[in-house]
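Student: What shape does this take:
(2 chains)
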Amino acid sequence: MSTGKALQQSVMQQPEPGNSPKAGGRLARLFRTENMMLAPAIIVLASITIFPFFYLIYASFMNYALAIDDPTFAGLRNWVRLFKDPAVAHSWKVTLIYAVAGLALELVLGVGMALLLYSTPWGRNIFVTLWMLPIFVAPVVAGLLGWFLLNSSYGLYAWILQLLGLNIDIFGNASTALPAVILIDVWEWTPLITLIVLSGLQSLPTEPLEAAEVDGASYWQKLRYVILPLSARIIVVALLIRSMDIMRFIDKIFITTAGGPADSTKIIGMRLFEVAFRFMDIGYAAAIGLSMLFVTILLGQAFVKVMYGR
Amino acid sequence: MKKKFLLLLSCIAILSLLLVGCGGEQAKEKEDQKADVASGKLVPGPFKAVEGLPVIEAPEGFDWKQFEGVELNFISENTPPSSAIAANIEEFEKATGIKVNIQQMDLGTLVQKVGLDFAAGSSKYHIIYADPYQVLAKYSSKLVDLNEFINDPTLPSIPGGLEDFIPSQLKIDGYMGSEDKLYALPYDCPTMVLAYRTDIMEAIKEDFMAEKGYDPTPNPDMTWEQYYEVAKYINEHADELDVKYGTGHQAKQYDSLMCDFSNVLAAYGGDYFKNRNLGGIGAANPGEADLTSPEAIEALKFYDKLLKIAHPGSKSWDWNGLAEAFAAGEIAMAPEWHEFASMFENPEKSKVAGKVAWTTLPKGPAGSSNIFGGTGIAINANCSEEEKKAAWLFLVWATSPQTQLMVLESPVGGATPSRTSVYELPKVKKAMEDPASEEAKKMPNLTSMKATLEAWKEENSYGRPKIPQWPEADTIIFTELSKMLAGQQDPEATAKSINDQLNTLTGN
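Tutor: Just a heads-up that it's a prediction; the model follows:
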């Protein structure tokens, strides 16, 4: 029996509403072929995302600190603590600086590089491949590279800075550690912005650009009034992806500074990791994690609104 | 047909009688074995014995292969003893038929994995590297009381008895809250002592003595103030010396910072809690914090002052970073874990091989304090009875004097033993006494051992508070210290902040 016939048959076999008992009708609807076909995907999705999400909500109301395998009901304790904890507030502040500075640099450099590559008359593929190399490096390796280059004992960059008379330890100084980890992030992820924006540029309609050229527009005028407005949506998409990642990825910070010195690089993801896996306070960690999710959703919504001009 | 049937019946009857007879013999054999075991007579186990060391023994008739086929997972920090054990595990597996999978990782990952294993009520890891502060203090109820096996006359005993372990280490590594239950056996024993460059000390000795009136070479009577003075002098004369800075520290915002500061804190007579007996068997409730005591404030002030003249890299180094800088010849003196001696003496990894000496850490008003960082190995209480007994055999072997000696001599290991009897062996004694001897070259870790044995004396040893809340307490301490070193708060504000947070954490 073909699938089409089976589908037809299953639709035909549905009881008429009102002619059969209510429960039986509901059951039949539940087991309709399309539902049955969707079921495996729904079950897999539920098991890997929906169930942990609801479990996270449950955990945020429990206290695991006393006995990790026997949590007790904590009411709103974890949530109240979340809003009162100065350490969490400090981590959000660091996250804000880290994300805004990182995204701004990645945006400027990424878009600039995409425009350069877009205008390159030859060898674009080679340049793109070379420019993309950092993306292929695992974040933890990017952190290690940064650590090796800036290490005060044997780091190349540290040695150059020492030759210039700057005898400081970059990861050991509260005012230089955060810029250093931001720059490592910029090094690794700017190519992703370039890649996304370049793909957008390459799919731009040629007519407006040709019309601008006929009208005698300069490159800057074309950029300001044609290219950037037409690429705005794709740039927002790139920013949306990076803004979500920048909060979550802690590998580089974990390897280089572990959140220090003086908590100057402890972004909210690091704080969450510490509470969950060092203190094993799963309840409080769940509350922090959900607050991160909430902020990410808000950010996503804001970007989507910008994207559709609402 | 009838004859055939009778013949078959007869065959079955004869076969049954034979089987019963054999079974009877086997049962008798087992009974005899039980009688032997019950007789209390101990015989050496199937392991290589070393002259002068207590041997691994079991009751006569004990079947070392009774757990053949059992597979055990041993989770350990990536430390030298576990590397050496992994390289020599064949001896144990051959003798017992038990398969041991050794998984090594950094301590933070280990604590997470063990915590999650306990949370799930499972026994993915049967044998656990039980850090006294991050595993034992928090999860002692999830570990097997080893007295069950020690008091079982049918099982192998601890060679040399518990008395052969260093007593202070047995307390820290093995017990929690009281000495009623023993949770772990001492496995490794890193301790912080002072490493210094003999060539630098020789180079500055004459001028320094003329200027300051005392020998700059670190010794057990040196004070922290003198240490500061010597370090500063080396900084000022670094251009003329083969070194960049006088002192270096493991002051990264990490556990290492708490360890480094604790040496100064205890030497000045301070501690983290008013209850001063938390460093041994520990306690569930530590009582009030004590970082605002005059002694602790003095210690904080001194540590802040000391770090201002230390190698600038200090604030980004943990113990590994510090060791790399010392081995690269950048620092003349450093409080460091004694097990880095083998790295410093290895010409492939160190520019200062043959130029390093060790002594106990400088004294404060309350004497010298050298933090202990050793760990024991324990058995997960969620294991099956068979796994628990198999794991006990592993514990007996892995912590035995001969295995500890093997670890000491291993080219992949090099960790120092937690057994008194090993330190009494003539070759070990010679290596400790004479760093230029062949024995010392074979066991380079022993070059720091003379200082370490001094550091283990009760008056010189410091154990950080062993409390269930230690991971959080540790984080509070090193984070606030890091803020002080970054110039964001003064020592008094640091003391108050640590005190307040510790009291909130412990409910005092």
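Student: Give me the neighbour count for A:I170.
Tutor: By other Cβ atoms under 10 Å in any protein chain shown, the residues close to A:I170 number 28. In short, each C-beta sits where N, CA and C put it, glycine included.
Student: residues in contact with it?
Tutor: Neighbour list for A:I170: A:L150, A:S152, A:Y157, A:A158, A:L161, A:T176, A:A177, A:A180, B:S316 [criterion: Cβ atoms under 8 Å, 6 or more residues apart in numbering or on different chains].
Student: Assign the residue nearest to the last one when sequence neighbours are not counted to helix, strand or coil.
Tutor: With sequence-adjacent residues excluded and distances taken as Cβ to Cβ, 6 or more residues apart in numbering or on different chains, B:S316 is closest to A:G172, at 3.4 Å. The three-state label given to A:G172 by DSSP: H, G, I helix; E, B strand; the rest coil is coil.
Student: for A:I135, phi and psi?
Tutor: Here is the backbone geometry of A:I135 (degrees, to the nearest 10): phi -60, psi -30.
Student: Could I get the pLDDT score of A:L290?
Tutor: pLDDT for A:L290: 96.
Student: hang on, it packs against A:Y58?
Tutor: No. Using Cβ atoms under 8 Å, A:L290 makes no contact with A:Y58, being 11.0 Å away.
Student: Mind checking which of the two has more residues around it?
Tutor: Higher neighbour count among A:L290 and A:Y58: A:L290, with 18 against 12, using other Cβ under 10 Å.
Student: which element is the more buried one on?
Tutor: helix A:282-307 (DSSP states H and E).
Student: And for A:S175?
Tutor: Going by DSSP H and E, A:S175 is in helix A:174-202.
Student: Can you list the helices and strands that the very next helix or strand once past that helix packs against?
Tutor: Counting by DSSP H and E, the element after helix A:174-202 in chain order, helix or strand, is helix A:206-214. Under the contact definition 3 or more Cβ pairs under 8 Å, 6 or more residues apart in numbering or on different chains; DSSP states H and E, helix A:206-214 sits against helix A:219-222.
Student: Who are the contact partners of the residue nearest to B:S316?
Tutor: A:S152, A:P261, B:A251, B:K252, B:P312, B:G313, B:S314, B:K315, B:S316, B:W317.
Student: 6 Å instead, please
Tutor: Counting by Cβ atoms under 6 Å, 6 or more residues apart in numbering or on different chains, A:G172 touches A:P261, B:K315, B:S316.
Student: quick one: which of these has the most company?
Tutor: A:P261 (31 neighbours).
Student: could you measure that one against A:Y98, distance?
Tutor: According to Cβ to Cβ, to the nearest Å, A:P261 and A:Y98 sit 15 Å apart.
Student: could you pull out the strands for the stretch 51-200 of chain A?
Tutor: Along the stretch 51-200 of chain A, counting by DSSP state E, counting those that start in this stretch, strands occupy A:62-63, A:72-73.
Student: and the stretch 101-250 of chain A, which of its residues are near chain B?
Tutor: Residues of the stretch 101-250 of chain A lying close to chain B by Cβ under 6 Å from any Cβ of the partner chain are A:S152, A:S153, A:I168, A:D169, A:F171, A:G172, A:A174.
Student: I'd like to know which of the residues you listed are buried.
Tutor: Neighbour-count burial (16 or more other Cβ atoms under 10 Å in any protein chain shown) applied to these gives A:S152, A:S153, A:D169, A:F171, A:G172, A:A174.
Student: Now stretch B:46-60 - C-alpha only, CSV.
Tutor: Extracted C-alpha coordinates of stretch B:46-60, given in CSV (Å, rounded to 0.1, in the frame of the first residue of the first chain):
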residue,chain,number,x,y,z
PRO,B,46,51.8,-12.7,44.5
PHE,B,47,53.7,-9.4,44.2
LYS,B,48,57.3,-8.6,44.0
ALA,B,49,58.7,-8.0,47.5
VAL,B,50,61.4,-5.4,48.2
GLU,B,51,63.9,-6.1,50.9
GLY,B,52,63.5,-3.8,53.9
LEU,B,53,59.8,-3.1,53.2
PRO,B,54,56.6,-4.7,54.6
VAL,B,55,55.2,-7.1,52.1
ILE,B,56,51.6,-7.4,50.9
GLU,B,57,50.0,-10.3,52.8
ALA,B,58,46.7,-12.2,52.8
PRO,B,59,45.3,-15.0,55.0
GLU,B,60,46.7,-18.4,54.0
